[in-house]
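Peer 1: I need the structure of the sequence given here:
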Amino acid sequence: QLARDAGCQYVVLTSKHHEGFGLFDSALTDYDAKSAVNRDIIREYVDSCRKRGLKVGLYHSVIDWHHPSYDNTICPDLCYPAGQAAMLNRKNIPRDHAAYQKYLHAQVRELMTRYAPIDIMWWDYSQGAMEGAKGWKAPELMDMVRSINPGVIMNNRLYAYSGLNKNQAGTLDLRCGDYITPERFIPRRGYPGVDWESCMTVSDKWGYNRYDTNIKSPETIIEKLVECVTKGGNLLLNVNPMADGTIPEKVAATMRGVVRSRGPGSPRVPAGEVRAMDSSSSSSSSAACWPRPLSCCCLRTSLFSSC
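Peer 2: Here you go, the predicted structure:
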């Protein structure tokens with residue numbers, strides 16, 4: 001409800017993060033919320049979003065620290081726990097990445113069929129050789145998702161260019177996804193002709209951390225939203241629930257501040273009607289653009305919440 005009140009149009013919730021724990025009821029593993037606490041969090045989330053008229057998105061990590069067959073030697077530079085590769089080598093634990101790919105596809109099929117229609121698949125993430133066909137059998141994975149949910153849109157993070165590098169041009173091969181996702185930055189001039197969405201945190205961390213108290217003000221969030229909109233993009237604002245699923249009060253207060261800044265019944269302002277601004281400039285004013293509703297809210301949950 002907080003996301004709806006703040007003007008969000010869609011929400012993205014973690015279905016599985018890098019540590020491999022699923023927030024949905026999976027028949028393929030007992031490493032999930034249903035087995036742990038007898039709750040299907042994704043079902044509760046999907047039903048709540050639809051009740052409030054919000055589009056439904058899922059963040060799904062293709063990295064998996066828990067699955068016994070995942071091969072982290074293909075690209076050691078991806079995000080892995082410190083010492084994991086050495087431990088696997090020391091214990092001579094075999095890797096069978098084809099078996100993991102089969103598991104990945106089967107879990108995604110569960111998500112696509114049990115909770116359909118899914119509006120957004122937010123994959124995370126690829127690097128080096130661990131991408132595309134070799135890493136995830138990405139073409140087959142994307143075809144399967146679209147065959148079940150024809151209206152779904154997907155980011156391009158099944159492939160190595162995912163928007164993490166500020167120096168890479170905003171190009172997009174539509175075979176790799178529908179849009180790109182610059183992370184923690186807004187491109188200086190946008191990406192003309194390319195759909196994009198900047199993902200940013202409401203504080204400094206992605207997951208909940210009790211010491212993460214540098215919460216952005218409503219004015220800062222609105223300014224970043226306006227900058228994204230005027231450059232042709234969207235804003236994915238990450239908020240970080242606590243272990244019981246509640247939003248920290250300071251974060252909730254910021255979201256309510258966005259509501260107050262918009263004012264009741266504020267109209268939507270098309271991007272073409274507001275002038276572009278740049279985050280490096282302090283002279284641009286965004287006050288006239290504030291009525292534009294917040295594009296999105298991302299709820300990131302993880303067993304490992306300090307990252």
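
Peer 1: Just the C-alphas of the helix ranked longest in the chain, formatted as PDB.
Peer 2: Secondary structure of the chain per DSSP state H: the longest helix is helix 97-114. C-alpha atoms of helix 97-114 as PDB (Å, rounded to 0.1, in the frame of the first residue of the first chain):
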ATOM      1  CA  HIS A  97      26.600 -26.500 -14.400                       C
ATOM      2  CA  ALA A  98      24.300 -28.200 -16.900                       C
ATOM      3  CA  ALA A  99      22.400 -29.700 -13.900                       C
ATOM      4  CA  TYR A 100      22.200 -26.200 -12.400                       C
ATOM      5  CA  GLN A 101      20.900 -24.700 -15.600                       C
ATOM      6  CA  LYS A 102      18.100 -27.300 -15.600                       C
ATOM      7  CA  TYR A 103      17.200 -26.400 -12.000                       C
ATOM      8  CA  LEU A 104      17.300 -22.700 -12.900                       C
ATOM      9  CA  HIS A 105      14.900 -23.100 -15.800                       C
ATOM     10  CA  ALA A 106      12.600 -25.400 -13.800                       C
ATOM     11  CA  GLN A 107      12.300 -22.800 -10.900                       C
ATOM     12  CA  VAL A 108      11.600 -20.000 -13.400                       C
ATOM     13  CA  ARG A 109       8.900 -22.100 -15.000                       C
ATOM     14  CA  GLU A 110       7.300 -22.500 -11.500                       C
ATOM     15  CA  LEU A 111       7.300 -18.800 -11.100                       C
ATOM     16  CA  MET A 112       5.800 -18.200 -14.500                       C
ATOM     17  CA  THR A 113       3.000 -20.700 -14.200                       C
ATOM     18  CA  ARG A 114       2.000 -20.500 -10.500                       C
END
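
Peer 1: Please name the residues that touch the nearest residue to residue 40 once chain neighbours are set aside.
Peer 2: Excluding the flanking residues, the one nearest residue 40 by Cβ to Cβ, 6 or more residues apart in numbering is residue 25, at 4.4 Å. The way it works is simple: take the backbone N, C-alpha and C, and place the C-beta from them, glycine included. Residue 25 sits next to 32-34, 40, 42-43, 114 when contact means Cβ atoms under 8 Å, 6 or more residues apart in numbering.

Peer 1: Closest to residue 79 out of those?
Peer 2: Set against residue 79, the nearest of these by Cβ to Cβ is residue 32 (20.8 Å).

Peer 1: burial measure for that closest one, as a count.
Peer 2: Residue 32: 24 surrounding residues under other Cβ atoms under 10 Å.

Peer 1: just checking, it touches residue 19?
Peer 2: No - using Cβ atoms under 8 Å as the test, residue 32 is too far from residue 19 to be in contact (11.9 Å).

Peer 1: what do those two both touch?
Peer 2: By Cβ under 8 Å, 6+ apart, no residue touches both residue 32 and residue 19.

Peer 1: circling back: most neighbours, which of the contacts of residue 25?
Peer 2: In the contacts of residue 25, the most neighbours by other Cβ under 10 Å go to residue 42, 27 neighbours.

Peer 1: any idea how far residue 53 is from it?
Peer 2: 19 Å (Cβ to Cβ, to the nearest Å).

Peer 1: Check what pLDDT the closest residue in space to residue 195 that isn't next to it in sequence gets.
Peer 2: Nearest residue to residue 195, sequence neighbours excluded (Cβ to Cβ, 6+ apart): residue 179, at 3.9 Å. Per-residue pLDDT puts residue 179 at 93.

Peer 1: ok, what's across the strand from residue 179?
Peer 2: residue 155 (DSSP bridges).

Peer 1: follow-up on the earlier one: list the helices and strands the longest helix of the chain packs on?
Peer 2: Where contact means 3 or more Cβ pairs under 8 Å, 6 or more residues apart in numbering; DSSP states H and E, helix 97-114 is packed against strand 55-61, helix 138-148.

Peer 1: Please repeat the previous calculation with a cut-off of 10 Å.
Peer 2: Contact here means 3 or more Cβ pairs under 10 Å, 6 or more residues apart in numbering; DSSP states H and E; on that basis helix 97-114 packs against strand 10-16, helix 41-51, strand 55-61, strand 120-124, helix 132-136, helix 138-148.

Peer 1: So which other helices or strands are in contact with the last one?
Peer 2: Using 3+ Cβ pairs under 10 Å, 6+ apart as the contact test, the elements touching helix 138-148 are helix 97-114, strand 120-124, helix 132-136, strand 153-154.
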